[in-house]
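> this one's structure only:
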């Protein structure tokens, strides 16, 4: 089964959401990507439709934007 | 185990997010509440910290506000 991808940027809101997501879902089915430490994956996230972080990209290709932590522009800065 | 509660209001965006959530989590662990059809539960949702729908209240009492970006298909439909 294709994994979900949880994109975040290391902010407190992101970390809190990450802990919730990993409790609610099977952690083995979620790849966690910290864009602050993996700037080469920002374009991948943007292509997938990620507008802000934290966000969960589902195996079906839908993006669930969770709360509003930081805009993609902030992550790049 | 305490269930999560997925609050929504019956809009297309909510229904799409609901389908994603029920695929990602164990459906038996999620109570789905349509506030449009259960107005008596709006105050309960507000007390729990729900600011917008769709939102997922976790068993720990955290609220994940899910802003699913409407797809172009949804916008056209």
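Sure, I can see it. What you see is a predicted model, and the numbers here were worked out from it, not measured in a lab.

> going forward, measure contacts and count neighbours with C-alpha atoms only.
Will do.

> what ranges does chain A have for its strands?
Along chain A, the segments classed as strands by DSSP state E run A:4-8, A:30-34, A:52-57, A:63-71.

> nearest to chain B, out of these?
strand A:63-71 (4.6 Å; Cα to the nearest Cα).

> can you say which of the strands of chain A is packed in most?
Ranked by mean neighbour count, the strands of chain A are led by strand A:52-57 with a mean of 26 (mean count of other Cα atoms under 10 Å in any protein chain shown).

> okay, angle between it and strand A:30-34 too, please.
Comparing the axes of strand A:52-57 and strand A:30-34 via axes from the mean of the first three to the mean of the last three Cα atoms, to 10 degrees yields an angle of 160 degrees.

> quickly list what the closest residue to residue A:56 other than its chain neighbours is bridged to.
Sequence neighbours aside, residue A:6 is the residue nearest to residue A:56 in space, at 4.5 Å (criterion: Cα to Cα, 6 or more residues apart in numbering or on different chains). Residue A:6 has the following beta-bridge partners by DSSP bridges: residue A:32, residue A:56.
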